[in-house]
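Chemist: Below are the sequence and a predicted model; questions follow.
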Amino acid sequence: MKNVKKPAPVVNRRAHYDYNLSDKLEVGMVLTGAQVRLIRDRHAQLKGTYVTIRNHELFLLGLTLGTDTAENIKLLATKKQITALERAKVDGSTIVPVELHPFKRHIKLTIAVGEGKKKYDKRQTIKARDLDRERQRY
């Protein structure tokens, strides 16, 4: 059996800082071969990306691949999942891309329903993270 190095996921680190995340969902993506190669080689950034719903279909906007920005990448999810996301969006939530990772032969994107944090919530997040670091140090 070959030793195959598993590529590390591309993580949106700002998502946990800017949003209270819930209801994570793993969806597939419709990509070209060049886009898949760039993602596997970790030349992708999720910073500034967002998910939108058009005609009962999910689309990822603003994904940076190499030096270009890929527009309108279709996401693959069931009708039931899309309906649940539409309901959450109507209630004022945002659909946030959290992690992009290779899964066997496919590329999967983890998205979550997020509620935007206020400035004081962000300060509490920073404070809690700093306290955890201090506890781990000693």
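Modeler: Perfect, thanks for sending it.

Chemist: make it CA atoms for all contacts and neighbour counts henceforth
Modeler: Will do.

Chemist: Select the helix or strand of this structure having the lowest average pLDDT value.
Modeler: Here the helix or strand of the chain ranked lowest by mean pLDDT, DSSP states H and E is strand 68-70, holding a mean of 82.

Chemist: check contacts around the nearest residue to L31 once chain neighbours are set aside.
Modeler: Nearest residue to L31, sequence neighbours excluded (CA to CA, 6 or more residues apart in numbering): I73, at 7.1 Å. I73 makes contacts with M29, V30, L31, F59, L60, L61, as judged by CA atoms under 8 Å, 6 or more residues apart in numbering.

Chemist: which of the residues you listed count as buried?
Modeler: Taking 16 or more other CA atoms under 10 Å as the criterion, what is buried in the contacts of I73 is M29, V30, F59, L60, L61.

Chemist: Report the beta-bridge partners for the third one.
Modeler: This points to F59. T52, K74 (DSSP bridges).

Chemist: and what of the first one?
Modeler: In this entry, M29 is beta-bridged to L75, by DSSP bridges.

Chemist: Report the distance from stretch 24-31 to the chain centre.
Modeler: A distance of 9 Å separates the C-alpha centroid of stretch 24-31 from that of its chain, computed with CA atoms, centre = their mean, to the nearest Å.

Chemist: start the count at 262, not 1, going forward
Modeler: All set: I'll call the first residue 262, so the last point we hit is now stretch 285-292.
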